[in-house]
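Engineer: okay, predicted coordinates and the sequence, questions at the end:
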There are 2 protein chains.
Amino acid sequence: MSVTLKKAACIGGGVIGGGWIARFLLNGIDVAIYDPHPEAARIVGEVLENARRAYGKMIQAPACPEGVLTFHDDLASAVADADYIQESVPERLDLKHKVIAEVEAAARPDALIGSSTSGFKPSQLQEGMIHPERLFVAHPFNPVYLIPLVELVGSPANDEAALARAAGIQREIGMFPLRVRKEIDAHIGDRLLEAVWREALWLVHDDVASTEEIDDVIRYSFGLRWAQMGLFETYRIAGGEAGMKHFIEQFGPALKWPWTKLMDVPEMTDELAGKIGDQSDAQSGQYSIRELERIRDDNLIGIYQALKAQDWGAGQSLRQMEERFFERAKDTAVRETPDYTRPLVLHKTQVSGEWLDYNGHMTEFRYLQVFGDATDAFLGHIGMDAGYRAAGRSVYTVETHIRHLSETKANTHISVRTTVLGHDAKRIRLHHEMVDEAGNVQATAEHMLMHVDTAAGKAAPMASPLTERLAQLSPGQRGIAAPAHAGQPIRDIGWPVREVEAT
Amino acid sequence: MSVTLKKAACIGGGVIGGGWIARFLLNGIDVAIYDPHPEAARIVGEVLENARRAYGKMIQAPACPEGVLTFHDDLASAVADADYIQESVPERLDLKHKVIAEVEAAARPDALIGSSTSGFKPSQLQEGMIHPERLFVAHPFNPVYLIPLVELVGSPANDEAALARAAGIQREIGMFPLRVRKEIDAHIGDRLLEAVWREALWLVHDDVASTEEIDDVIRYSFGLRWAQMGLFETYRIAGGEAGMKHFIEQFGPALKWPWTKLMDVPEMTDELAGKIGDQSDAQSGQYSIRELERIRDDNLIGIYQALKAQDWGAGQSLRQMEERFFERAKDTAVRETPDYTRPLVLHKTQVSGEWLDYNGHMTEFRYLQVFGDATDAFLGHIGMDAGYRAAGRSVYTVETHIRHLSETKANTHISVRTTVLGHDAKRIRLHHEMVDEAGNVQATAEHMLMHVDTAAGKAAPMASPLTERLAQLSPGQRGIAAPAHAGQPIRDIGWPVREVEAT
């Protein structure tokens, strides 16, 4: 699969615009940005830093080379050669109209234009356009670099082919585009969110609950259900064997009960705003916004990885993203032939603050995670991909020898130098050297890998393209001298003499 | 920590009552049930089967011996000697009054009485009671055996000490009791849920979205956020550095926009009920309710385990539950002096669904995590604790040799058999064998550990109590023959002959 989108332009680089930029860049797309805000570069940089950290933790596939980010002093030069333009300027219709007119004047006639608006309908944004058919609402959710949903909304003026192209591009950057059938103020998600928000404001207003208590109600109950199934599928289960119709019959009447009396909009007085601000400070004020963002992102990553293990919901979006990254790594490998007379550098990463043990160093098993990722990168390099595995073949590690040489600290940029020590028809013997920025060796690993027939659960000879790629690297790699510790055991140290025991 | 609750009684064994029963039993509490429904035993049995399966997968601690379940033909005998009684009968006030009167007539005067009602206020339920002070609302969420939240609601007639006792019992069975400040129809959670439900019904009614599209909007966007943070903490982040007050000022006005026009209650006509039923069938009809329940439970377990790794939200409830299970195992276990002439079993765990790789097996580095935990358990056994480390001493792994022998699957219960192969004044050579329930060896690890002066960053001789404990186990352990693979290297396999390269 090749990427159809070459270059994106982003107009506006706040929290939402910055999130779009990060998502494009980390999926390998170049981005041109226009934002006249004096601190735009700083804000985008901060979002991007969070996003890089999150992708480094989340993606269990070779990293995708980042796209190139360029800042522009004028809107016209930013959008001039873009295939896809995303507008994320403040929520004022006059401002959106002005920006869209400028985009249309400078962009290619076939460029797609998405708006991040949470409230306006596409027909409102299309007013006065020459080519309204290619402008649509593409409403994302914060953090845009991690949350998959994008509400894709068109009006009767839209071109179906343009909307399909937009959905394809959004899928390419790991999103879940949901095509909304009818344009409506605030689309779908914010309708539901506003309903809850309104109800929550009343509860705070009337001192029934504090902001923290409302949050606890959500995250200890239905929030857990909704991360994986929505409203209707959850209630279908509650209806039991009798199904959805039974549930509706049983719970439908509750709609008429007095619970629904709080449907008015509470007046957002200074007093109510102050109460919410104070309660929120008491609840979350011990964390900076930056800390909360990272806690949120780490939690989202864990939830995605858990759902990926079940191949369900947002976990499927992550799996598909990783498959694209594997594919892209394969494309890159085909294009570039490294110097096989030297160790190969196929995996780089950064030590996450989450990887530390009680001694403050990278915890023991994370070394094997890095070496395992380096092994995967090597296997990807010689052609093992989803297609190869789909034929019932894989490569398993059967033996590992790690030597810990240094206490690796948080945030160290590490890279792995890989050497093939030998191979036969079924096995590959690898050596990895993990080095920091200064080239200091932190640890080494020696592995024996076995090629297997996964259905039979037995060792089996490798097939093409692994065989060809190994033959290609073999002459160079066999010229590299194996390190002295390769092939050496952990030595017997015996038992102490009595004097030591008596210490 | 010992359990204060000895016996619970449950009146009503439907989906909610059955969930309470399962939660009590799997946390080691005996339960007496009264439910005149002819199929009560079958329904409770099915919920219990799901719950046993879920706890088996979820709890990474020694299992807690299950409580004893007894079915009763009359309410009076079920509640007679119960410490805590939970009523989960259908949502009709006259029926609830009748049941509560019968409970009060037969129960001990100090027994606590909780009601699962989702709509009624405690003061309504307390009408006509002799001892209203010990009746409260304890409103749980489906599936009750997995979702932590219970809304604990009292009226002015309640005794604070009784409510505190109820909260303590709910915590003991792994729940998160949220004490609601003011009684209000439908408490907090169902207020919020009904607001979303009403909005969702309009979206279906007006053909803006199908049930599946609404569910996708939720589970690909804000559901993911709400599994870990709620509404206010999430929006606090969205407000950026300017905080909650900025968010309110920025988004407060949106409440006045026309989005809110759909606040009426839609008429639940046969047509609307039929549309929802049909759409739900199209969305989820490929799964039976039983399958959906298990998918939901597996997803919840993965989410809990991911949040436990971050020590956040519902993950904290799971961690606390596991700590109670560990404590209980310690309390109940006979203080044995280990038999040092045999391998030591100091670490047991279960393969988490989050630990799988793309082959569907436990991913490579998780083996080292298990072995590292076993090493930590061994070091703890010989006396290395926070106090020992506080004196600037620790033990680092310097060398590791892992052999992978089997493809370990999700949810496998594994234990590690540890043998000391030798030690001197500064070093310990360990061997671990990781086995499944049937005793099949999944992997082995040989480690060289080095005792260090952490300030100097240098090897240093061990001190008391490590020296004494090693001397104590030394005679027994030195009699165990080292396995044949110990002290063996990864062997050289050379390079293939030309024929293999040409394959």
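Structural biologist: Received, thanks.

Engineer: low pLDDT regions in chain A?
Structural biologist: A:1-3, A:240-243, A:250-266, A:330-335, A:352-354, A:358-360, A:498-503 (pLDDT under 70).

Engineer: care to break it down by domain?
Structural biologist: A:7-187, A:195-286, A:338-477 (automatic domain parsing).

Engineer: right, is the host helix or strand of residue A:167 up against chain B?
Structural biologist: Taking DSSP states H and E as the definition, residue A:167 sits inside helix A:160-172. No - Helix A:160-172 lies apart from chain B when judged by CB under 8 Å from any CB of the partner chain; the minimum separation is 11.8 Å. Placement of C-beta: from N, CA and C, glycine included.

Engineer: that helix packs against which elements?
Structural biologist: strand A:112-115, strand A:135-140, strand A:149-153, strand A:176-180 (3 or more CB pairs under 8 Å, 6 or more residues apart in numbering or on different chains; DSSP states H and E).

Engineer: sorry, back to before: right, so of the domains of chain A, which gets closest to residue B:181?
Structural biologist: Residue B:181 lies closest, by CB to CB, to one member of these: domain A:195-286, at 6.3 Å.

Engineer: mean neighbour count for the domains of chain A - can I get that in TSV?
Structural biologist: TSV is the format used below for those (neighbours: other CB atoms under 10 Å in any protein chain shown):
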stretch	mean neighbour count
domain A:7-187	20
domain A:195-286	20
domain A:338-477	19
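
Engineer: got the ones you listed as TSV, with distance to residue B:54 columns?
Structural biologist: Formatted as TSV, the domains of chain A follow (distance: least, CB to CB, whole Å):
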stretch	distance to residue B:54
domain A:7-187	26
domain A:195-286	13
domain A:338-477	27
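
Engineer: and residue B:189, which of the ones you listed is closest to it?
Structural biologist: Judging those by CB to CB, what sits closest to residue B:189 is domain A:195-286, at 4.9 Å.

Engineer: how far off centre is the closest one?
Structural biologist: Relative to the chain's own centre, domain A:195-286 is displaced by 28 Å; criterion: CA atoms, centre = their mean, to the nearest Å.

Engineer: any idea which element the closest residue to residue A:321 other than its chain neighbours lies in?
Structural biologist: Nearest non-adjacent residue to residue A:321, counting by CB to CB, 6 or more residues apart in numbering or on different chains: residue A:174, 3.9 Å away. Element membership for residue A:174 (DSSP H and E) is empty, with no helix or strand holding it.

Engineer: so residue A:174 sits against residue A:148, correct?
Structural biologist: Yes - taking CB atoms under 8 Å as the definition, residue A:174 is a contact partner of residue A:148 at 6.7 Å.

Engineer: ok, back up a step: which residues touch the residue nearest to residue A:321?
Structural biologist: By CB atoms under 8 Å, 6 or more residues apart in numbering or on different chains, the contact list for residue A:174 reads A:23, A:27, A:148, A:317, A:318, A:320, A:321, A:324.

Engineer: same deal with residue A:106?
Structural biologist: Residue A:106 neighbours (CB under 8 Å, 6+ apart): A:75, A:76, A:77, A:79, A:80.

Engineer: repeat that with 7 Å
Structural biologist: Residues near residue A:106 by CB atoms under 7 Å, 6 or more residues apart in numbering or on different chains: A:75, A:76, A:79, A:80.

Engineer: what secondary structure does residue A:431 sit in?
Structural biologist: strand (DSSP: H, G, I helix; E, B strand; the rest coil).

Engineer: make that residue A:421, sorry
Structural biologist: Residue A:421 - assigned by three-state DSSP - is strand.

Engineer: check contacts around the nearest residue to it once chain neighbours are set aside.
Structural biologist: If the residues on either side of it in the chain are set aside, residue A:421 comes closest to residue A:429, at 4.3 Å by CB to CB, 6+ apart. Taking CB under 7 Å, 6+ apart as the contact definition, residue A:429 lies against A:421, A:422, A:423, A:448, B:490, B:493.

Engineer: returning to that earlier point: could the helices and strands packed on helix A:160-172 go into CSV alongside distance to chain B?
Structural biologist: Formatted as CSV, the helices and strands packed on helix A:160-172 follow (distance: least, CB to the nearest CB, whole Å):
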stretch, distance to chain B
strand A:112-115, 16
strand A:135-140, 9
strand A:149-153, 4
strand A:176-180, 5
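
Engineer: in CSV: those strands, plus distance to residue B:352.
Structural biologist: Below are the helices and strands packed on helix A:160-172 laid out as CSV (distance: least, CB to CB, whole Å):
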stretch, distance to residue B:352
strand A:112-115, 39
strand A:135-140, 31
strand A:149-153, 27
strand A:176-180, 26
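
Engineer: so which of those strands gets nearest residue A:270?
Structural biologist: Closest to residue A:270 of the helices and strands packed on helix A:160-172 is strand A:135-140 (CB to CB; 30.4 Å).

Engineer: what's that closest one packed up against?
Structural biologist: The contact analysis (3 or more CB pairs under 7 Å, 6 or more residues apart in numbering or on different chains; DSSP states H and E) places strand A:135-140 against helix A:15-26, strand A:112-115, helix A:122-126, strand A:149-153, helix A:160-172.

Engineer: can you show me the CA trace of the last one as CSV?
Structural biologist: This points to helix A:160-172. The C-alpha trace of helix A:160-172 is given here as CSV (Å, rounded to 0.1, in the frame of the first residue of the first chain):
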residue,chain,number,x,y,z
GLU,A,160,-19.2,12.1,-3.4
ALA,A,161,-15.9,11.2,-5.0
ALA,A,162,-14.2,14.1,-3.1
LEU,A,163,-15.7,12.8,0.2
ALA,A,164,-14.5,9.3,-0.5
ARG,A,165,-11.0,10.6,-1.2
ALA,A,166,-11.1,12.5,2.1
ALA,A,167,-12.1,9.4,4.0
GLY,A,168,-9.3,7.4,2.3
ILE,A,169,-6.7,10.1,3.4
GLN,A,170,-8.0,10.1,6.9
ARG,A,171,-7.7,6.3,7.1
GLU,A,172,-4.2,6.6,5.8
